[in-house]
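1. Sequence plus the predicted model coming up.
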Amino acid sequence: MQVMCISRGSLGRGRELAELAAKKLGYLCLGREELIEAAIAEGIQVGKLEMAMLKPQAFTERLAVDREHYLAFCRAYLCERVADGNVVYHGRTGHLLIPGISHVFRVRVVADTQDRIKSVQNRMGLERQKAHQYIDGVDEGRRRWVKSMYGVTVEEADHYDVILNLTQMSIANAASALTGMAQLPDFQMTPASKNAMLDLQVGANARVALARDERTSKATFTVRADSGVVTVSYLPQDAPLADSIPEVLRPVPGISDARITMATTNILWIQQEFQPHTEIYDNVVEVATTWNAAVQLVRLVTEQEALPAGDATSEAPTENAKRDEYDGGIEDDAPEGAADIGGLQPTLDELAGIGRSGGGRMVYGGQHSLVESLDRQIPYALVVVGDVFLSKGHAARQRATRDLRAFLSDSIKAPVVTADELGKQYLFGKRDFIQALVFLILVIAIYFLVFTNQEVILAFLANSGWYAEAVEGTVLARLAWLPKIIISAAVFLVVPLVAYLYGTVASAMLKFVRME
């Protein structure tokens, strides 16, 4: 059940390379065209989706639901084909359909532009300039498609394990190179990656079932699966459908339990060891309740913590370390019942009990493994980074946490805060009360002085003789421009100060009444 995904451009010889690599490996070769045909047979309006990507203003709410259906169907279709055996897939960033799977070999193929132009000229009979324009238009359409579908840029090297430039390399040699790399331990399936693939398939099948049923076909859902437990989040306006969701999911194979949550957004909580009813748990739940958000848990275990007891060293391996240093990726394997390790499952149960569960999973690795495991279609209103890197010393843990936060801020379009910052920024506490009280007194005092001394202040601002009286008989009397500077400086200092004090009080009051 190994997967090689080859991302190719138009007339970039990616299809030819995929077919040859699949033949050498003895794998099934699957193209995007087959996926599209199956999606159209499903009843998905792929053509309208394509046009909506080119003209974002035409992207309606109905097309957004169709996009969810399309992505879920393609994910389920690809997972089903992979379950039957090894696959080489070629198309537009197919690996983004199955995120967070360690045994997926991600390849990007780059062809010489001049060769592509000649191919267009020969196939379509176009002049050179028009052929070049045609290629540029097709490439731009692909960029918009990938950006709209997955929220990433197709050219970003971080999304690929290898990038092949075919300018000076023959297809045969490129296929031989991929064949050798595909057999490396890094890209072999492990029990953990197999379970992750099964979870993706179950979640995708659940979302497809919701799209197929007339009762739920027009609603927006966020669906996740973890070890047979499916978590479905729906918007408040779709509350009448809540009772229908379990009925729709009941026939879907692989589902052992379904948890239904009403939420308008999602909060991502990353931690190494979870425990219900701790301070950070209470803070996250309070924010989630205020925002009507579902809380998605990710238990992050780095390479250092993944090593067996007694094998840990004082220095954690780098994120780019070879997997064969850790028994060829065996550190990715999670023992049966591992979801209970670190308090993940009890915390999910507690969140489900109060209607705030957004599902959860374990991620082994570092920053890149974490981001790759996330579904880019799930909108996050907030990302909370709790206690991670527990095997490190205090200073090293703080530094690693800051690095993780910075990396997530660059990768996810959502505010990223640590556990300490969560309470300070989003919850009303003792510190907020004292600060608001002091600032409120200052604001009242300033307004009292202003309203009781209006004539003096107006005379000052109008420069009604006060400057001449104050400097009469001195050298400053000759500086006629100086009062304008003094008045401007006073306004420049006082107005922002009052705005800051008043804004801080108003912000604290909004936090107190739990209004964002």
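-> It's in.
2. Using the three-state scheme, assign residue 223.
-> Taken by DSSP: H, G, I helix; E, B strand; the rest coil, the conformation at residue 223 corresponds to strand.
3. hang on, I meant residue 105
-> strand.
4. in the chain, which spans are strands?
-> Here the chain has its strands, by DSSP state E, at 3-7, 28-31, 87-91, 104-110, 162-165, 221-226, 229-234, 257-262, 265-271, 293-301, 357-364, 380-385, 416-418.
5. Between strand 87-91 and the fourth one, find me the angle.
-> Inter-element angle recorded for strand 104-110 and strand 87-91: 40 degrees (by axes from the mean of the first three to the mean of the last three Cα atoms, to 10 degrees).
6. can you check the longest one too?
-> For strand 293-301 and strand 87-91, the angle between their directions (the same axes, to 10 degrees) works out to 130 degrees.
7. Quick check: can you name the pairing partners of strand 293-301 and their directions?
-> Sheet pairing of strand 293-301 (DSSP bridges) gives strand 265-271 (parallel), strand 357-364 (parallel).
8. Mind putting these into JSON lines with mean pLDDT and distance to residue 503?
-> Where C-beta positions appear, they are placed from N, C-alpha and C, glycine not excepted. Shown next, in JSON lines, are the strands paired with strand 293-301 (pLDDT from 0 to 100; distance: least, Cβ to Cβ, whole Å):
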{"stretch": "strand 265-271", "mean pLDDT": "94", "distance to residue 503": "25"}
{"stretch": "strand 357-364", "mean pLDDT": "88", "distance to residue 503": "33"}
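9. Output those in a markdown table, with mean neighbour count and distance to residue 77 appended to each entry.
-> As requested, the strands paired with strand 293-301 are exported to a markdown table (neighbours: other Cβ atoms under 10 Å; distance: least, Cβ to Cβ, whole Å):
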| stretch | mean neighbour count | distance to residue 77 |
| --- | --- | --- |
| strand 265-271 | 23 | 26 |
| strand 357-364 | 24 | 22 |
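10. what about these, which gets the closest to residue 212?
-> strand 357-364 (21.6 Å; Cβ to Cβ).
11. coming back round to it: can I get the strands paired with strand 293-301 in TSV with distance to residue 94?
-> Converted to TSV, these look like this (distance: least, Cβ to Cβ, whole Å):
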stretch	distance to residue 94
strand 265-271	25
strand 357-364	21
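12. how about these, which one is nearest residue 513?
-> strand 265-271 (19.4 Å).
13. Any idea how far that closest one is from the middle of the chain?
-> 10 Å (Cα atoms, centre = their mean, to the nearest Å).
14. How about stretch 110-119?
-> Distance, centroid of stretch 110-119 to centroid of chain: 34 Å (Cα atoms, centre = their mean).
15. For that stretch, give the mean pLDDT please.
-> Mean pLDDT, stretch 110-119: 87.
16. Just the buried residues of that stretch, please?
-> 110, 111, 116, 117, 119 (16 or more other Cβ atoms under 10 Å).
17. Relative to residue 125, which of those residues is nearest.
-> Out of these, the member with the shortest distance to residue 125 (by Cβ to Cβ) is residue 119, at 12.0 Å.
18. show me the contacts for that closest one.
-> By Cβ atoms under 8 Å, 6 or more residues apart in numbering, residue 119 lies in contact with residue 11.
19. closest to residue 486 among the buried residues of stretch 110-119?
-> So of the buried residues of stretch 110-119, ranked by how close each gets to residue 486 (Cβ to Cβ), first place is residue 110, at 64.3 Å.
20. wouldn't residue 150 be in contact with residue 93 here?
-> Yes: using Cβ atoms under 8 Å, residue 150 is in contact with residue 93, at 6.9 Å.
21. neighbour count winner among these two?
-> Using other Cβ atoms under 10 Å, the more surrounded residue of residue 150 and residue 93 is residue 93, with 23 against 20.
22. what about the protein, any weak spots by pLDDT?
-> Applying pLDDT under 70 to the chain picks out residues 1, 56-59, 303-341, 467-468, 471-473, 475-478, 514-516.
23. Count residues in the vicinity of the nearest residue to residue 347 once chain neighbours are set aside, would you?
-> The shortest distance from residue 347 to any residue other than its chain neighbours is 4.1 Å, reached at residue 274 (Cβ to Cβ, 6 or more residues apart in numbering). Other residues within reach of residue 274, judged by other Cβ under 10 Å, total 25.
24. so which of the strands paired with strand 293-301 comes closest to residue 38?
-> That would be strand 357-364 among those, by Cβ to Cβ, at 26.9 Å.
25. ok, now which ones touch residue 382?
-> 267, 268, 287, 291, 293, 414, 415, 416, 417, 426.
26. Among the residues you listed, which one lies nearest to residue 41?
-> For those, the nearest to residue 41 is residue 268 (35.2 Å; Cβ to Cβ).
27. Hmm, the closest one is touching residue 383, no?
-> Yes: using Cβ under 8 Å as the test, residue 268 is close enough to residue 383 to be in contact (4.6 Å).
28. shared neighbours of the two, anything?
-> Contacts common to residue 268 and residue 383, judged by Cβ under 8 Å, 6+ apart, are 412, 414.
29. Could you report the neighbour count for the nearest residue to residue 109 once chain neighbours are set aside?
-> Leaving aside its sequence neighbours, residue 109 sits nearest to residue 14 (Cβ to Cβ, 6+ apart; 4.4 Å). Residue 14: 24 surrounding residues under other Cβ under 10 Å.
30. mind listing what residue 14 touches?
-> Per Cβ under 8 Å, 6+ apart, neighbours of residue 14: 6, 7, 8, 90, 109, 111.
31. which one of those residues has the most neighbours?
-> Going by other Cβ under 10 Å, residue 6 tops the contacts of residue 14 with 28 neighbours.
32. residue contacts, that residue?
-> 14, 17, 18, 21, 88, 89, 90, 91, 94, 107, 108, 109 are the contacts of residue 6 under Cβ under 8 Å, 6+ apart.
33. go again using 10 Å as the cut-off
-> Residue 6 is in contact with 12, 14-15, 17-18, 21-22, 29, 31, 88-91, 93-95, 105-109, 160, 164, 178, counting by Cβ atoms under 10 Å, 6 or more residues apart in numbering.
34. and if you look at residue 506?
-> 436, 439, 443.
35. ranking those residues by neighbours, who comes first?
-> Result: residue 436 is most packed of those (other Cβ under 10 Å), 20 neighbours.
36. so how far is residue 496 from that residue?
-> Residue 436 sits 19 Å away from residue 496, going by Cβ to Cβ, to the nearest Å.
37. got it, and residue 79?
-> Taking Cβ to Cβ, one finds residue 79 at 56 Å from residue 496.
38. Likewise for residue 513?
-> From residue 513 to residue 496 the distance is 26 Å (Cβ to Cβ).
39. any chance of the strands of the chain in TSV, with distance to residue 397 too?
-> Shown next, in TSV, are these (distance: least, Cβ to Cβ, whole Å):
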stretch	distance to residue 397
strand 3-7	35
strand 28-31	44
strand 87-91	40
strand 104-110	31
strand 162-165	33
strand 221-226	27
strand 229-234	30
strand 257-262	32
strand 265-271	13
strand 293-301	13
strand 357-364	18
strand 380-385	11
strand 416-418	11
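40. Sweet, I'm off.
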